[in-house]
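>>> I'd like to go over a predicted model; first the sequence, then the structure.
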Amino acid sequence: MAENKIIYATGRFEQIVKRKPERFRLQLFITGTTPRSCHAVANLKYFCEQNLEGSYHLEVIDIYQHPELARKEQIIAAPTLVKNHPLPRQVMVGDLSDQERIKRCLGIS
């Protein structure tokens, strides 16, 4: 069985979870450990476990520690969720509390 990864690009840790092969490649851009950022991370992790059945790769990127990644992806607000795969690329800004909006962004019916 393939390993899916939730990678925190904050320099803290990398968590590897054994799951189905990844189908979705997601990046969540946050601003440190603010309440809004923590809320977005918790909401997205819950959504992924409930709806993607572990078939995803999630990278959480702190734009304070990695501003070059935010510039590369043209991120101007945070938290911002970027779906890179499957195409088309989709971007969603906010705390990710609206589960139906996340489904639309990811193209899940």
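Alright, I've got the coordinates. What you see is a predicted model; the values in this text were computed from it and never measured.
>>> could you point out where this protein is predicted with low confidence?
Scanning the chain with the threshold set as pLDDT under 70 gives 1-22.
>>> for the protein, which helix is longest?
Ranked by residue count under DSSP state H, the longest helix found in the chain is helix 35-51.
>>> if I pick the nearest residue to A77 once chain neighbours are set aside, what's in contact with it?
If the residues on either side of it in the chain are set aside, A77 comes closest to V93, at 4.9 Å by CB to CB, 6 or more residues apart in numbering. (C-beta placed from N, C-alpha, C; glycine too.) When contacts are counted by CB atoms under 8 Å, 6 or more residues apart in numbering, V93 touches 77-81.
>>> just to revisit the earlier point, after the longest helix of the chain, next one along is what?
strand 56-62 (DSSP states H and E).
>>> quick one, that next one and helix 35-51 angle?
180 degrees (axes from the mean of the first three to the mean of the last three CA atoms, to 10 degrees).
>>> Excluding chain neighbours, give the residue nearest to T80 in space.
T80 sits nearest to F29 (CB to CB, 6+ apart), 4.5 Å away.
>>> Pretty sure that neighbour sits against A78.
Yes. The criterion here is CB atoms under 8 Å, and F29 meets it with A78 at 5.1 Å.
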